[in-house]
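*Asks:* whatever this is, show me its structure:
(one chain, ligands or ions: 1)
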Amino acid sequence: MKIAMIGTGYVGLVTGACLAKIGHEIICVDQDQTKINALCGGAIPIFEPGLKEIVDQGVQNGHLSFSTDLTQAVESVDVIFLAVGTPQASDGRSDLTQVENAAKQIAKAANGDKMIVVKSTVPVGTCRRVGRILGKHDIEHAFHVTSNPEFLREGDAVSDFMQPDRIVFGTNSTDAEAIMCEIYAHFEATKVPVIKTSLETSELIKYSANAFLAAKVAFINEMANLCDATGANVDDLAVGIGLDSRIGAAFLKPGPGYGGSCFPKDTLALTILAQEADSPSRIIESVVDSNSNHIRRLGRKIADFCADCWQTDKKHPMIDKRIAVLGLAFKANTDDIRSAASTVIAPLLIKQGASVIGFDPEAAAAAGAAIDHIETTTKIDEALSGADAVVVLTEWDAIKMINWAEKKTLLNAPVVIDLRNLYSPESMAKLGFQYLSLGRPTAE
Ligand code: UDX
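*Replies:* Next up is the predicted model:
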């Protein structure tokens with residue numbers, strides 16, 4: 001099937017390339033000429049493992065192309081995916097400007113009946129709203145609007161598309177349902193469960209999935225704090241509860257708090273949606289609070305631990321100290337720094353008088369542009385040289401694999417604060433480090 005993909009960001013580009021890989025003919029459209037020029041030139045504007053290979057394959061076999069000409073693309077297809085951004089507005093709601101503008105442009109360009117597949121994460125009721133916008137701007141043609149949320153994790157997006165746990169789509173007609181089944185026919189062979197439901201249910205499945213996952217992360221972080229207070233071990237606790245099939249082991253790794261372009265935005269949007277529906281979600285409201293409190297507490301925890309290690313004044317421990325922050329993206333295997341812990345922790349340390357050098361293999365440039373007064377590097381040794389303390393924020397393999405016996409000599413002081421529990425307290429103590437992690441008793 002020939003399909004237009006409007007929006008070539010993290011979701012649109014991966015979805016377009018993967019739809020091409022499963023046999024469709026995809027034209028990816030974006031208004032950003034620079035991005036389209038890069039894609040036409042074979043460059044991938046985002047870091048996503050495995051994406052370049054499938055984009056190159058799609059371009060070579062003629063199944064994937066890129067354009068800034070939305071009109072021409074809309075005229076040449078019957079199905080149009082909307083994968084434009086729905087960023088968080090200042091009031092916490094999802095900003096639907098890009099969705100609404102795209103709908104108006106599609107209506108203007110339509111040369112026949114079209115199906116619009118809303119891939120972007122949108123508040124419940126948006127698909128019906130898009131239908132009304134289309135009908136208002138083009139009374140001549142019929143438009144089907146369906147909801148088809150994505151469940152792609154940055155860093156695993158290609159495999160999440162190609163091996164989905166399930167496919168969800170909401171439609172309001174059997175014709176639309178048939179077209180959606182044809183688009184995803186590739187997955188029938190592997191018996192991937194397909195949830196065919198209403199527009200509203202499909203939209204809410206997306207929000208509630210992200211909110212539940214965010215709740216799991218916030219929960220394990222609270223348990224880590226409780227382990228710190230009681231001398232329990234959160235790694236063993238996570239295994240102990242995760243083996244219960246009703247809980248599951250995934251998403252029980254403590255960390256600096258969830259970040260990224262989805263969890264923070266979607267949890268907040270869901271709380272607002274629930275409040276406006278006069279059915280407030282106290283659980284998700286507390287998840288939002290818990291997550292922001294968690295990362296704030298960590299700022300204090302880092303300063304207090306360093307003051308103890310350096311035997312300096314607890315009020316101003318960071319003055320003239322050099323801190324190496326390892327991991328600037330919001331997690332490993334992505335270059336995305338949206339709501340990354342580094343964007344909270346680094347400014348805090350700098351404000352307290354420290355100089356901060358951040359390491360990240362992919363997000364160094366973006367973090368350097370976004371965080372005032374931070375130095376950044378893609379070389380670990382450069383970050384570690386002369387550091388008075390190391391703060392680990394993401395679980396990049398390059399960070400996991402650091403040989404601390406060897407790298408210790410680069411440091412000014414053997415102080416490591418590991419907010420991803422990557423290393424063993426016992427091994428770090430044996431190497432003579434003063435080591436702090438989350439929810440694990442500091443080795444004596
Ligand atoms: C998420 C959802 O997983 C995905 O289905 C949705 O489509 C988009 O949002 P993403 O934001 O890319 O994907 O990353 P994810 O791997 O889910 O992690 C989200 C945040 O939770 C990250 O900050 C991550 O570091 C954190 N996290 C995740 C933990 O702290 N501990 C965990 O065990 C898992």
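*Asks:* surely residue 226 and residue 219 touch.
*Replies:* No: checked against CB atoms under 8 Å, the pair residue 226 and residue 219 is beyond contact range at 10.5 Å. All C-beta spots, glycine's among them, are computed from the backbone N, C-alpha and C.
*Asks:* with neighbour numbers in mind, choose between the two.
*Replies:* residue 219 (17 against 13; other CB atoms under 10 Å).
*Asks:* now the more buried one: how far from the ligand?
*Replies:* For residue 219, the distance to the ligand equals 10 Å [CB to the nearest ligand atom, to the nearest Å].
*Asks:* swap in residue 384?
*Replies:* Taken as CB to the nearest ligand atom, the span from residue 384 to the ligand is 22 Å.
*Asks:* do the same with residue 371
*Replies:* 17 Å.
*Asks:* which residues sit in contact with that residue?
*Replies:* 342-343, 346-347, 350, 358 (CB atoms under 8 Å, 6 or more residues apart in numbering).
*Asks:* repeat that for 6 Å
*Replies:* residue 346 (CB atoms under 6 Å, 6 or more residues apart in numbering).
*Asks:* how about the nearest residue to the most centrally placed residue in the chain, chain neighbours excluded?
*Replies:* The residue lying closest to the centre of the chain (CA atoms, centre = their mean) is residue 260, at 3.8 Å. Nearest non-adjacent residue to residue 260, counting by CB to CB, 6 or more residues apart in numbering: residue 330, 4.6 Å away.
*Asks:* element containing residue 115?
*Replies:* For residue 115, the element it lies in under DSSP states H and E is strand 114-118.
*Asks:* confidence score at the most far-flung residue of the chain relative to its centre?
*Replies:* For the chain, the largest distance from the centre (CA atoms, centre = their mean) belongs to residue 140, which lies 39.5 Å off. As predicted, residue 140 sits at a pLDDT of 93.
*Asks:* tell me the angle the longest helix anywhere in the chain makes with strand 114-118.
*Replies:* Counting by DSSP state H, the longest helix found in the chain is helix 199-230. For helix 199-230 against strand 114-118, the angle by axes from the mean of the first three to the mean of the last three CA atoms, to 10 degrees is 10 degrees.
*Asks:* if you count neighbours, what's buried in helix 199-230?
*Replies:* For helix 199-230, a neighbour-count test (16 or more other CB atoms under 10 Å) marks 199-200, 202-207, 209-211, 213-225, 227-228 as buried.
*Asks:* cool, stretch 163-180 as well?
*Replies:* The neighbour-count check on stretch 163-180 (16+ other CB under 10 Å) flags 164, 167-172, 176-177, 179-180 as buried.
*Asks:* among these, show me the least confident.
*Replies:* residue 172 (91).
*Asks:* skipping adjacent residues, who's closest to that one in space?
*Replies:* In space, residue 172 is closest to residue 199, 5.9 Å off (CB to CB, 6+ apart).
*Asks:* any idea which element the residue in the stretch 1-150 of the chain positioned nearest to the ligand lies in?
*Replies:* The stretch 1-150 of the chain approaches the ligand most closely through residue 150 (5.3 Å), counting by CB to the nearest ligand atom. Using DSSP H and E, residue 150 sits in no helix or strand.
*Asks:* hmm, it is touching residue 12, no?
*Replies:* No: taking CB atoms under 6 Å as the definition, residue 150 is not a contact partner of residue 12, at 9.5 Å.
*Asks:* tell me which of those two has more neighbours.
*Replies:* The neighbour comparison of residue 150 against residue 12 (other CB under 10 Å) goes to residue 12, with 24 against 21.
*Asks:* circling back to that earlier point, just checking, the residue nearest to residue 172 touches residue 170?
*Replies:* Yes: with contact defined as CB under 6 Å, residue 199 counts as touching residue 170 (4.1 Å).
*Asks:* shared neighbours, the two?
*Replies:* residue 147.
*Asks:* is it true that residue 83 touches residue 119?
*Replies:* Yes: taking CB under 6 Å as the definition, residue 83 is a contact partner of residue 119 at 4.4 Å.
*Asks:* neighbour-wise, which of the two wins?
*Replies:* Remark: of residue 83 and residue 119, residue 83 carries more neighbours, 27 against 23, as counted by other CB under 10 Å.
*Asks:* which parts of the stretch 251-400 of the chain sit against the ligand?
*Replies:* Counting by CB under 6 Å from any ligand atom, the stretch 251-400 of the chain comes close to the ligand at 251-253, 255, 258-260, 262-263, 330-331.
*Asks:* elements contacting the longest helix of the chain?
*Replies:* Other elements packing on helix 199-230 under the criterion 3 or more CB pairs under 6 Å, 6 or more residues apart in numbering; DSSP states H and E are strand 143-147, strand 167-170, helix 234-242, helix 263-276, helix 282-310.
*Asks:* can you show me the CA trace of the first one as CSV?
*Replies:* By that I understand strand 143-147. Listed next in CSV are the C-alpha coordinates belonging to strand 143-147 (Å, rounded to 0.1, in the frame of the first residue of the first chain):
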residue,chain,number,x,y,z
PHE,A,143,-12.2,11.2,5.6
HIS,A,144,-11.7,8.2,7.9
VAL,A,145,-9.7,9.0,11.0
THR,A,146,-8.2,6.1,13.0
SER,A,147,-6.0,6.0,16.1
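*Asks:* distance between the helix or strand following that strand and the chain's centre?
*Replies:* Downstream of strand 143-147, the first helix or strand assigned by DSSP H and E is helix 157-162. Centre-to-centre, helix 157-162 and its host chain are 14 Å apart (CA atoms, centre = their mean, to the nearest Å).
*Asks:* what residues sit buried inside helix 157-162?
*Replies:* Applying 16+ other CB under 10 Å to helix 157-162 flags 157-158, 160-162 as buried.
*Asks:* check stretch 21-36 too.
*Replies:* Those would be 21, 24-31, 35-36, for stretch 21-36 by 16+ other CB under 10 Å.
*Asks:* tell me which two of those residues sit farthest apart.
*Replies:* 21 and 31 (24.9 Å; CB to CB).
*Asks:* just the strands from the protein, written as ranges.
*Replies:* Using DSSP state E, the strands assigned to the chain run over residues 2-6, 25-29, 64-67, 79-82, 114-118, 143-147, 167-170, 194-197, 322-326, 355-359, 375-377, 389-392, 415-418, 434-436.
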